[in-house]
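Chemist: return atomic coordinates for the entry below.
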Amino acid sequence: MPPRLIRIVILLALALTARVVARAADNELTDGEKQDGWILLFDGKTPDGWVHDKTGQPIPAAAIEDGAINPKKVGKAYVPYYAKQKFENFTLSLNFKVTKGCNSGVFIRVADPKNPVQSGFEIQVMDSHGKEKLGKHEMGAVYDAQAAAKNASKPAGEWQHLEITAKGNTFTVRLNGELVNEADLNQWTEAGKNPDGSKNKFKTPLKDMAKSGYIGMQDHGQDAWYKNIKVREIK
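Modeler: Sure thing, here's the model as predicted:
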């Protein structure tokens with residue numbers, strides 16, 4: 001191979017390596033992400049902006065473990081949430097890891113942090129790896145409303161990637177790069193009832209729920225970790 005071509009190959013390899021390193025950095029935004037309007041909600045070091053749902057006080061530093069938020073370590077919180085800003089139309093991107101049998105969730109559009117279940121939406125985070133049939137309380141579900149269409153879960157203990165897009169009354173959920181759920185909330189026209197006729201626990205038809213609210217991570221009694229939490233608003 002001619003020396004000039006060798007140099008070109010080396011430079012391309014170095015450039016590719018630099019891009020991979022930039023993408024792999026935890027709890028940071030690349031220059032491209034900043035230009036695209038992404039906002040980092042967690043720096044991996046401090047609980048800045050994250051508060052206890054019941055007290056409104058900042059979550060303790062002890063809730064941060066190895067650069068990730070563990071909601072269980074917040075202490076008697078159900079959904080510790082990011083209090084600096086409400087989000088309406090957006091894409092939320094994060095990495096998470098669950099323990100065996102874990103039940104957790106990502107809450108979005110929470111209008112009243114003291115009543116997240118009835119004032120917001122939960123995208124279910126569960127240890128659902130290997131399950132053939134997913135219900136409305138399994139990984140990737142719009143909780144109690146619509147199950148994920150497919151199981152893209154990794155085994156407990158492995159880091160996974162979750163991306164949630166909320167635009168108007170449409171939600172899409174991608175897990176580990178695969179589209180697992182699409183929900184049109186306009187189909188939920190009755191309180192306590194899903195379009196398929198099954199019951200849900202919501203006192204308000206989902207189509208009429210608040211269009212703007214807070215983002216939070218649920219503690220349901222088991223260890224779970226969240227990092228690289230970032231959001232981009234859809235104008």
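Chemist: hmm, N151 is touching L134, no?
Modeler: Yes - contact status for N151 versus L134: in contact at 5.7 Å, counting by CB atoms under 8 Å. Yep, even glycine has a C-beta here, placed from its N, CA and C like the rest.
Chemist: okay, the two: which has more neighbours?
Modeler: Neighbours per residue (other CB atoms under 10 Å) separate N151 from L134, with L134 holding more: 21 against 18.
Chemist: quick check: pLDDT value at that one.
Modeler: Each residue has a pLDDT score; the one for L134 is 97.
Chemist: where's it relative to N169, distance?
Modeler: Distance of L134 to N169, given as CB to CB, to the nearest Å: 23 Å.
Chemist: do a quick rundown of the helices in the protein.
Modeler: 3-24, 31-35, 116-119 (DSSP state H).
Chemist: which residues are in contact with each of N151 and L134?
Modeler: 128, 140 (CB atoms under 8 Å, 6 or more residues apart in numbering).
Chemist: need the helix or strand of this protein with the lowest average pLDDT.
Modeler: Averaged element by element with mean pLDDT, DSSP states H and E, the chain has its least confident helix or strand at helix 3-24 (a mean of 50).
Chemist: bridged to W225, which residues?
Modeler: Under the criterion DSSP bridges, W225 forms beta bridges with K97.
Chemist: ok, it touching K72?
Modeler: No - taking contacts as CB under 8 Å, W225 lies outside contact range of K72: 9.4 Å.
Chemist: can you list the domains in this structure?
Modeler: Listed by automatic domain parsing, the domain ranges of the chain are 1-26, 37-233.
Chemist: can you flag the weakest of those by average pLDDT?
Modeler: domain 1-26 (a mean of 54).
Chemist: buried residues in stretch 160-178, which are they?
Modeler: Buried residues in stretch 160-178, counted by 16 or more other CB atoms under 10 Å: 160-162, 164-166, 169, 171, 173-175.
Chemist: which outside residues touch it?
Modeler: 87-98, 106, 108-109, 121, 123, 125, 139-140, 142, 148, 150, 152-154, 179-186, 207, 211, 234.
Chemist: among the residues you listed, which ones are buried?
Modeler: Using 16+ other CB under 10 Å, the buried ones in those are 87, 90-98, 106, 108-109, 121, 123, 125, 139-140, 142, 148, 152-154, 180-181, 183, 185.
Chemist: sorry, back to before: deepest-packed of the domains of the chain, please.
Modeler: Highest mean neighbour count among the domains of the chain (mean count of other CB atoms under 10 Å): domain 37-233, with a mean of 18.
Chemist: what's the offset of that one from the middle of its chain?
Modeler: Centre-to-centre, domain 37-233 and its host chain are 5 Å apart (CA atoms, centre = their mean, to the nearest Å).
Chemist: measure it end to end?
Modeler: End-to-end span of domain 37-233 (CA to CA, to the nearest Å): 7 Å.
Chemist: just stretch 88-105 next, same as before
Modeler: Stretch 88-105 end-to-end distance (CA to CA) = 19 Å.
Chemist: of the buried residues of stretch 160-178, which belong to strands?
Modeler: 160-162, 164-166, 171, 173-175 (DSSP state E).
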